[in-house]
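Asks: Task: produce atomic coordinates for the following.
(one chain, ligands or ions: 1)
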Amino acid sequence: MERARRRTMALTGAVTEDDLVAQHSPLMSPLVWDLAHIANQEELWLVREAGGRPGLRPDLDHLYDAFRTPRADRPALPLLGPAEARAYVAEVRSQTLEVLAAADTSPDQQERLLADGFVFGMLAQHEQQHDETMLATHQLRQGPPVLDAPEPPQAPADAAALPPEVLVPGGPFTMGTSTEAWALDNELPAHTVDVPAFWLDTTPVTNGAYLEFIAAGGYRDPAWWTPEGWRHVQEEGLEAPQFWSRDGETWVRRRFGHVEPVPADEPVLHVCWYEADAYARWAGRRLPTESEWEKAARHDPAGGRSRRYPWGDADPGPEHANLGQRHLRPAPAGSYPAGAAPSGARQLIGDVWEWTASDFAPYPGFEAFPYKEYSEVFFGPEYKVLRGGAFGVDEVASRATFRNWDYPIRRQIFAGFRTARDAGPGEGAAAEHTRRPGGEGA
Ligand SMILES: [Fe+2]
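Replies: Purely as a prediction, here's the structure:
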């Protein structure tokens with residue numbers, strides 16, 4: 001929670017007071033709304049619900065209820081100003097620390113919100129997710145750069161020689177989790193899914209590959225698009241990822257206030273689901289399903305079980321994945337060999353969110369917890385699932401079971417994709433096919 005708070009303060013402290021209250025895009029809240037909303041959720045769930053205290057400002061609930069007012073209308077609300085919001089954030093936190101000091105967070109605690117400290121984990125993830133949203137607001141904001149971070153490491157020596165795709169063997173695996181203490185309701189419960197063998201891109205699709213799609217007239221040929229996608233491309237006049245523009249013969253992009261040539265070896269970013277889907281069809285491939293993605297990221301064929309991360313059960317380190325806003329861009333394709341999955345696929349965690357072919361749906365046995373608005377109200381065909389997290393995702397919300405979802409037209413999120421294809425007869429049909437999966441965890 002302290003890590004999240006440092007990030008919140010850095011993201012809101014980097015801009016002027018005017019920028020804090022301004023709306024930088026109708027898709028986003030003013031940053032000062034996110035700031036007070038973070039505190040309001042903390043007050044609701046930690047101070048009042050878990051702590052059993054009366055709370056500080058119940059009168060603010062309606063202003064910071066994300067379901068009551070759409071983002072576009074939030075600037076018109078009588079919101080707390082920057083100084084008031086910062087004071088509110090600090091007051092809530094001091095009560096939270098008192099609740100934490102007194103709480104029994106042992107695993108056998110009967111109150112489910114407190115067992116294993118779930119509600120503290122939930123709020124840390126919530127704040128980090130708003131930090132990611134605020135990072136997207138920074139990207140949409142016009143003006144000179146205000147954020148700074150070191151460049152990601154250069155691609156390793158073997159990156160250029162990696163096979164373009166890896167084989168994920170067929171057979172059942174354990175999807176979802178019943179053992180992660182801080183997993184959110186939509187990741188539960190663990191269940192067996194039989195996934196036939198398939199080929200998956202070794203790395204996310206790069207800008208260089210995506211430029212070939214653009215140069216081949218991909219945006220002008222309806223053959224590659226679903227009917228809805230084609231209508232959307234026409235209506236919006238899309239011809240490249242968001243934040244890209246032409247400078248003579250070259251494509252440049254705007255990234256947190258910097259305008260720079262599009263780097264060919266970096267995973268493509270700021271494409272919507274329709275663009276990812278069209279590229280895949282143009283390439284003679286398809287997007288992976290959500291269960292294919294999770295199998296590639298978690299299943300260990302040698303051990304016969306699902307792990308927490310592609311590299312094993314250890315928490316992510318800087319050698320595994322580009323997470324935590326450590327850098328302000330994806331790392332070159334082929335980076336992080338220490339974070340590779342058993343199949344050899346790299347960068348499944350971190351760098352860019354990856355669009356999947358799947359709609360957001362509940363797992364068998366789903367139960368809403370702690371409230372329906374966390375996930376349940378979003379289930380259905382209007383949302384597509386994204387997996388794997390991006391450079392702006394914190395490790396607390398980066399486990400390989402974590403599910404994200406958004407409308408197929410959205411591009412301001414830090415999303416890219418990789419593609420897949422079915423394996424041929426006999427490919428990847430390991431003896432494993434007849435074995436039962438060994439569950440998850442150690
Ligand atoms: Fe929220």
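
Asks: which residues sit in contact with Ala115?
Replies: With contact taken as C-beta atoms under 8 Å, 6 or more residues apart in numbering, Ala115 is in contact with 105-109, 181. Every residue, glycine included, has its C-beta placed from N, CA and C.

Asks: domain ranges for the protein?
Replies: Domain ranges of the chain: 2-140, 151-442, per automatic domain parsing.

Asks: just to revisit the earlier point, type out the ChimeraX command that picks the buried ones from the contacts of Ala115.
Replies: In ChimeraX syntax, the buried subset of the contacts of Ala115 is picked out as below (16 or more other C-beta atoms under 10 Å):
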select :105
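
Asks: and the two most separated of the contacts of Ala115?
Replies: Asp108 and Ala181 (12.4 Å; C-beta to C-beta).

Asks: May I see the domains of the chain organised as JSON lines, with mean pLDDT added?
Replies: Output for those, formatted as JSON lines (pLDDT from 0 to 100):
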{"stretch": "domain 2-140", "mean pLDDT": "96"}
{"stretch": "domain 151-442", "mean pLDDT": "96"}
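
Asks: Provide a list of residues in contact with the closest residue to Gln23 other than its chain neighbours.
Replies: Excluding its sequence neighbours, the residue lying closest to Gln23 (C-beta to C-beta, 6 or more residues apart in numbering) is Pro75, at 4.7 Å. Pro75 makes contact with 21-23, 30, according to C-beta under 8 Å, 6+ apart.

Asks: Which one (most neighbours) among these?
Replies: Pro30 (21 neighbours; other C-beta atoms under 10 Å).

Asks: Which neighbouring residues are in contact with that residue, exactly?
Replies: Counted by C-beta under 8 Å, 6+ apart, Pro30 has contacts 20-23, 74-75, 79.

Asks: ok, now how distant is it from Asp65?
Replies: Pro30 sits 16 Å away from Asp65, going by C-beta to C-beta, to the nearest Å.

Asks: Could you do Tyr363 as well?
Replies: Remark: distance between Tyr363 and Asp65 (C-beta to C-beta) = 27 Å.

Asks: Ala157 now?
Replies: Counting by C-beta to C-beta, the gap from Ala157 to Asp65 is 52 Å.

Asks: and if you look at Ala161?
Replies: Taking C-beta to C-beta, one finds Ala161 at 52 Å from Asp65.

Asks: So between these two, which is more surrounded?
Replies: Set Ala161 next to Asp65 and count neighbours by other C-beta under 10 Å: Asp65 wins out with 14 against 7.

Asks: For that one, give me phi and psi.
Replies: Taking degrees, to the nearest 10, you get phi -90, psi 110 for the backbone angles of Asp65.

Asks: if I look at it, how far off is Ala36?
Replies: 12 Å.

Asks: Report the buried residues of stretch 151-160.
Replies: Buried residues in stretch 151-160, counted by 16+ other C-beta under 10 Å: 152, 155-156, 159.

Asks: Likewise for stretch 186-203?
Replies: Buried residues in stretch 186-203 (16+ other C-beta under 10 Å): 186-190, 193, 195, 197-203.

Asks: I'd like to know which of the buried residues of stretch 151-160 is nearest to Val99.
Replies: When these are compared against Val99 (criterion: C-beta to C-beta), the nearest one is Pro152, at 38.0 Å.

Asks: out of everything not next to it in sequence, what's closest to that closest one?
Replies: Leaving aside its sequence neighbours, Pro152 sits nearest to Ala331 (C-beta to C-beta, 6+ apart; 3.7 Å).

Asks: likewise Ala181?
Replies: Ala181 sits nearest to Asp116 (C-beta to C-beta, 6+ apart), 3.7 Å away.

Asks: Next up, the contacts around that neighbour.
Replies: Residues counted as contacts of Asp116 (C-beta under 8 Å, 6+ apart) are 105-107, 109, 181-182.

Asks: how about the buried residues of stretch 151-160 in TSV, adding distance to Phe379 and secondary structure?
Replies: Formatted as TSV, those follow (distance: C-beta to C-beta, whole Å; DSSP: H, G, I helix; E, B strand; the rest coil):
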residue	distance to Phe379	secondary structure
Pro152	35	coil
Ala155	38	coil
Pro156	40	coil
Ala159	38	helix
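
Asks: now the residue nearest to Ile409 when sequence neighbours are not counted: how far from Tyr363?
Replies: Nearest residue to Ile409 in three dimensions, chain neighbours excluded: Cys272, at 5.2 Å (C-beta to C-beta, 6+ apart). Cys272 is 26 Å from Tyr363, where distance means C-beta to C-beta.

Asks: Going along the chain, name the helices of the stretch 1-150 of the chain.
Replies: With helices called from DSSP state H, counting those that start in this stretch, the stretch 1-150 of the chain shows them at 2-13, 17-21, 31-42, 82-102, 118-140.

Asks: Specify the stretch among the ones you listed that is closest to His299.
Replies: When the helices of the stretch 1-150 of the chain are compared by C-beta to C-beta, helix 118-140 sits nearest His299, at 24.1 Å.

Asks: Surely Gly365 touches Thr192?
Replies: No: Gly365 is beyond contact range of Thr192, at 11.9 Å (criterion: C-beta atoms under 8 Å).

Asks: now the strands: where do they sit in the stretch 201-350 of the chain?
Replies: 244-247, 250-255, 258-261, 299-300, 305-306 (DSSP state E, counting those that start in this stretch).
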